[in-house]
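# Quick one, fold the following:
(3 chains)
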Amino acid sequence: MYEAMRARFGDRHWWPADRAAPPDRKALEICVGAILTQNTAWTNVEKAIANLRAAGALDVGALAALPAPALAELIRPAGYFNVKAKRLKNFIARVHDYRGGDILAFLGRSVDTLREDLLAVSGIGAETADSIILYAAGKLSFVVDAYTCRILRRHKLIGPDDDYTSVQELLAGSLPKDVALWNDYHAQIVETGKHYCRPTARCPGCPLEGFPHDPQADKEP
DNA sequence: GACCAGGCACATC
DNA sequence: GATGTGCATGGT
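Numbers count the residues shown, from 1 in each chain, chains lettered A, B, ... in the order given. Okay, here's the model as predicted:
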């Protein structure tokens, strides 16, 4: 299924961040984007990140100093701006506390330590934590999202009761332990999901169309 | 004008 | 422990 998606869409080059930015800025931008994109279309997140960049706020120190209400105004286009402003402040406070805001050192720890630390931040759940680990830290942690579950349910590879952890274990246990593969795998799933596996989307033309599937399978309560 | 988006925390039962 | 609800903008 991965090869079918990859043949269609090519390398997705995720995470979509400023490639010219220095490593610490790029890592921070990915973390910020991961929080802002919670239940939100990426096009809206782009506007919020552009506002942050224009305000010089894509910086640990600047974000730590920025009051939540001012931050909320900057990220308004991303939706849920009041909750997300708090979530960003919670995350930034944790990074700022760790060795003076050295985000690369913060991200440079073991996956287990980092994941536990991220999940302790209010506003960072499993998917956001795994996105930060895989895309900002460049370490092995499979990202499961709504599209992943929807696609796997339609293809009867998981049941309606499977939760985040069981889906993650299925994928992590089935695939080679390769950061570049897990990176692009999730990106391919999102691209496929966006075009062919939304509630209102149609299957014809989907790169996974030839694999056994039942579009009704994910509509069960 | 509905419906939906790369979730998460918290209240309530 | 399971289920329901608030959060909010912008594209289709």
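
# From here on, just use CA atoms for contacts and neighbour counts.
Will do.

# measure the closest residue to A:P215 other than its chain neighbours to DNA strand C for me?
Leaving aside its sequence neighbours, A:P215 sits nearest to A:R154 (CA to CA, 6 or more residues apart in numbering; 5.4 Å). Going from A:R154 to DNA strand C by CA to the nearest atom of the strand, to the nearest Å gives 20 Å.

# hang on, A:R154 packs against A:L208?
No. Counting by CA atoms under 8 Å, A:R154 does not reach A:L208; the two are 10.5 Å apart.

# Spell out which residues of chain A are next to DNA strand B.
Within chain A, the positions near DNA strand B by CA under 7 Å from any atom of the strand are A:15-16, A:33-34, A:37-42, A:80, A:119, A:121-129, A:131, A:145-147, A:190, A:194, A:198-200.

# ok, and which of those residues reach DNA strand C?
Counting by CA under 7 Å from any atom of the strand, the members of the residues of chain A next to DNA strand B near DNA strand C are A:39-41, A:80.

# biggest separation within these, which pair?
A:A41 and A:Y80 (12.0 Å; CA to CA).

# From the neighbour counts alone, determine which of these two ranks first.
Ranked by neighbour count (other CA atoms under 10 Å), A:A41 and A:Y80 place A:Y80 first, with 15 against 12.

# Now do the same for the more buried one: its pLDDT.
On the pLDDT scale, A:Y80 is placed at 98.

# where exactly do the helices run in chain A?
For chain A, the helices defined by DSSP state H occupy A:2-9, A:23-36, A:42-54, A:60-65, A:68-74, A:81-97, A:103-107, A:111-119, A:126-131, A:146-154, A:164-174, A:179-196.

# A:A34 contacts A:S131, doesn't it?
Yes. Contact criterion CA under 8 Å: A:A34 and A:S131 qualify, at 6.5 Å.

# ok so, going back, switch the helices of chain A over to a markdown table; also include distance to A:P212.
Shown next, in a markdown table, are these (distance: least, CA to CA, whole Å):
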| stretch | distance to A:P212 |
| --- | --- |
| helix A:2-9 | 14 |
| helix A:23-36 | 32 |
| helix A:42-54 | 30 |
| helix A:60-65 | 47 |
| helix A:68-74 | 45 |
| helix A:81-97 | 39 |
| helix A:103-107 | 39 |
| helix A:111-119 | 35 |
| helix A:126-131 | 27 |
| helix A:146-154 | 9 |
| helix A:164-174 | 18 |
| helix A:179-196 | 15 |
